[in-house]
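Trainee: sequence and computational prediction follow.
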Amino acid sequence: FSPTCRHCQDLAPAWKALAKKMESTGFVKKGVTVAEMDMLKNECDETVSSFPKLVLYPAVKKESKLRRKLVYQGSQELETLWDFVVENAVNLEDMEPVESVMEL
């Protein structure tokens, strides 16, 4: 996320709606967190070549989190974002590590 990015600003309403929907449907209690991070003010281990970059980090041990991430490349519509999270927000603790890019 970058506050100066027009695409990030366009995504903001759907992203906030996604966070509210996760809360109201109980996904937050199951450990799903919808967050944003200002890349101009924070450092991270993630390579960001363009904004916005949407990544799902599965509920796994820290050392395998980056290997098992899913990078979202679908539309910025609420329902498409919702479907991606619901289909992929599972505990992958017992699965083999893979890096996937999901295109919707």
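Mentor: Cool, got the structure.
Trainee: quick one: low-confidence parts of the chain?
Mentor: 90-104 (pLDDT under 70).
Trainee: ok, now with 50
Mentor: 92-104 (pLDDT under 50).
Trainee: quick one: the strands in it?
Mentor: Counting by DSSP state E, the chain has strands at residues 54-56, 70-72, 100-102.
Trainee: how about the second one: buried residues?
Mentor: The reference is to strand 70-72. 70, 72 (16 or more other Cβ atoms under 10 Å). Glycine gets a C-beta too; all of them are placed from N, C-alpha and C.
Trainee: I'd like to know which elements that strand is packed against.
Mentor: strand 54-56, helix 78-88, strand 100-102 (3 or more Cβ pairs under 8 Å, 6 or more residues apart in numbering; DSSP states H and E).
Trainee: and Ala17, which of the ones you listed is closest to it?
Mentor: helix 78-88 (5.0 Å; Cβ to Cβ).
Trainee: just the residues contacting that closest one, thanks.
Mentor: By Cβ atoms under 8 Å, 6 or more residues apart in numbering, the list of residues contacting helix 78-88 from outside reads 14-15, 17-18, 21-22, 27, 32, 34, 54, 56, 58, 70, 72, 74-75, 102, 104.
Trainee: give the contact list for Cys44.
Mentor: Met37.
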